[in-house]
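Q: sequence? don't have it. structure:
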């Protein structure tokens, strides 16, 4: 009997998937463990297997098109078998045209910028010449001005002959000097203005599955969770020395981000209120510590998760983080590798960002934004010294974490980062 292959639910936020590639065509023989298609979700590109043996009788969604979760994307059965009844059942909607929610431009039809030509600019007109003010002279051609006005005009560098007096008989007085504004040079006023020939334009970029989900989830988080922010400056001198000493002997290179993951995990163990989730009618305080790290990829952001980070060594964290980040950038993460986070880091230090605030990544209660490490002048023992500093900003959901709770977590995190040896005791 023919079997319908439906769009699987490949992540907890997935509503539809885009067929990135078909590896089989109608008429091909397939086995249960064959990969018949690649599906692009909001998180990654995943492989789809039929889990039945037979012949591929029908493909319901073309490459590059989208299908909702549980829609029929293919049918497998015996050669020549009638499968039309599967398409007519209410649950199967493959016979309906699948709306392409994120169309991908083909080489033959790239999105072209829409241009609106600017209206022609009228030719600039030459302004009429301003009439020259005639100096007010007495019969003996002397300027009629008060001594004070003459003195002020000389100090200001004003040509008193260009001023029309407002005193008796056209006499120039102090007020005339104070209110006088020199005319712009005639050569500047009559200069020809350039003609603007620019065109307005834009390009519409279709939203990918990932971008649509990022927009929805972060909008929900920002407008539903009451955010507040705690900022702290960390002295990283000792951490820099410790990292260098470790990397001199360790076959696995440790990054500053690995240090911060380890420090956060240990601080969360001491402050479990921060390792929680708002569940509506109750607060879930997680006993496990799974730390996600936001990774920028071409389509947006994805958060690979290091599970049980508090129980792992720095070397284990570094090795796992490197593997997960590489898989994330190649869209090869599997659902267990990007779900289950209880706390998240967002690090833009490598992008030369001093500090920033991050939006909480649901279902977490907090996210830590990490800036760059940079030398700065600080006062110590009444002396100015140079210290390598890093700025951290903790975004907190006020429904689960109060200011004092978040502050105590940050104090503990500061102790671990400024004295890394404490993490190994």
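A: Here it is on my side, so go on. Everything quoted here is computed from the prediction, not taken from an experiment.

Q: What's the per-residue pLDDT of residue 193 here?
A: Confidence at residue 193, expressed as pLDDT, is 71.

Q: swap that for residue 23, please
A: With respect to pLDDT, residue 23 scores 93.

Q: give the contact list for residue 253.
A: 247, 318 (C-beta atoms under 8 Å, 6 or more residues apart in numbering). To be clear about C-beta, it is placed using only N, CA and C from the backbone, and glycine gets the same treatment.

Q: Now with 10 Å, please.
A: By C-beta atoms under 10 Å, 6 or more residues apart in numbering, the contact set of residue 253 is 243, 246-247, 315, 318-319, 322.

Q: Could you do residue 284 as well?
A: Residue 284 touches 275-278, 342, 363, 365, 400, counting by C-beta under 10 Å, 6+ apart.

Q: can you redo the contacts of residue 253 as a markdown table with pLDDT?
A: Converted to a markdown table, the contacts of residue 253 look like this (pLDDT from 0 to 100):
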| residue | pLDDT |
| --- | --- |
| 243 | 95 |
| 246 | 95 |
| 247 | 95 |
| 315 | 95 |
| 318 | 96 |
| 319 | 96 |
| 322 | 95 |
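
Q: Helices of the chain, start to end?
A: Per DSSP state H, the chain carries helices over the ranges 84-88, 147-156, 174-179, 186-189, 209-224, 237-249, 256-270, 314-329, 403-418.

Q: which one of the ones you listed has the lowest average pLDDT?
A: helix 186-189 has the lowest average pLDDT among the helices of the chain, namely a mean of 50.

Q: Quick check, residue 230 in contact with residue 393.
A: Yes - contact status for residue 230 versus residue 393: in contact at 7.0 Å, counting by C-beta atoms under 10 Å.

Q: Could you tell me which residues touch both of these two?
A: By C-beta under 10 Å, 6+ apart, residue 230 and residue 393 have these common neighbours: 368, 410.

Q: which among the contacts of residue 284 gets closest to residue 21?
A: Nearest to residue 21 among the contacts of residue 284, counting by C-beta to C-beta, is residue 363 at 32.5 Å.

Q: From residue 274, how far off is the closest one?
A: Residue 363 sits 13 Å away from residue 274, taking C-beta to C-beta, to the nearest Å as the criterion.

Q: Looking at the two, which one has more neighbours?
A: More neighbours surround residue 274 than the other of residue 363 and residue 274, with 28 against 16 (other C-beta atoms under 10 Å).

Q: For that one, what are phi and psi?
A: With angles defined as degrees, to the nearest 10, residue 274 sits at phi -70, psi -30.

Q: The closest residue to it other than its chain neighbours: neighbour count?
A: In this structure, residue 274 finds its nearest non-sequential neighbour in residue 409, 4.8 Å apart by C-beta to C-beta, 6 or more residues apart in numbering. Residues lying near residue 409 (other C-beta under 10 Å) number 26.

Q: How about the one 3 residues further on?
A: A count of neighbours around residue 412, defined by other C-beta under 10 Å, yields 20.

Q: close enough to count as contact, it and residue 268?
A: Yes - between residue 412 and residue 268 there is a contact at 9.2 Å, judged by C-beta under 10 Å.

Q: ok, residue 210 - contacts?
A: By C-beta under 10 Å, 6+ apart, residue 210 lies in contact with 13, 40-44, 102, 297-302, 331.

Q: again, only using 7 Å
A: By C-beta atoms under 7 Å, 6 or more residues apart in numbering, the contact list for residue 210 reads 42-43, 299-300.

Q: How about residue 238?
A: Counted by C-beta under 7 Å, 6+ apart, residue 238 has contacts 418-420.

Q: now swap in residue 58 and tell me
A: 26, 74-75, 83.

Q: Show me the beta-bridge partners of it.
A: Following DSSP bridges, residue 58 is listed with bridge partners residue 75.

Q: For residue 78, grab the count of nearby residues.
A: Applying other C-beta under 10 Å, we find 11 other residues in the vicinity of residue 78.

Q: ok, now how distant is it from residue 325?
A: Counting by C-beta to C-beta, the gap from residue 78 to residue 325 is 45 Å.

Q: Check residue 281 too.
A: Using C-beta to C-beta, residue 281 is found at 36 Å from residue 325.

Q: Which residue of these two possesses the greater neighbour count?
A: Ranked by neighbour count (other C-beta under 10 Å), residue 281 and residue 325 place residue 325 first, with 17 against 5.

Q: With respect to residue 88, which of the contacts of residue 210 is nearest?
A: Minimum distance to residue 88 across the contacts of residue 210 is 30.5 Å, recorded for residue 42 (C-beta to C-beta).

Q: Could you give the number of residues near that closest one?
A: Neighbours of residue 42 (other C-beta under 10 Å): 25.

Q: Would you mind giving the helices of the chain as a markdown table with distance to residue 370 added?
A: Formatted as a markdown table, the helices of the chain follow (distance: least, C-beta to C-beta, whole Å):
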| stretch | distance to residue 370 |
| --- | --- |
| helix 84-88 | 52 |
| helix 147-156 | 57 |
| helix 174-179 | 58 |
| helix 186-189 | 52 |
| helix 209-224 | 18 |
| helix 237-249 | 13 |
| helix 256-270 | 6 |
| helix 314-329 | 14 |
| helix 403-418 | 11 |
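
Q: Out of those, which one sits most buried?
A: Stretch with highest mean neighbour count among the helices of the chain: helix 256-270 (a mean of 22; mean count of other C-beta atoms under 10 Å).
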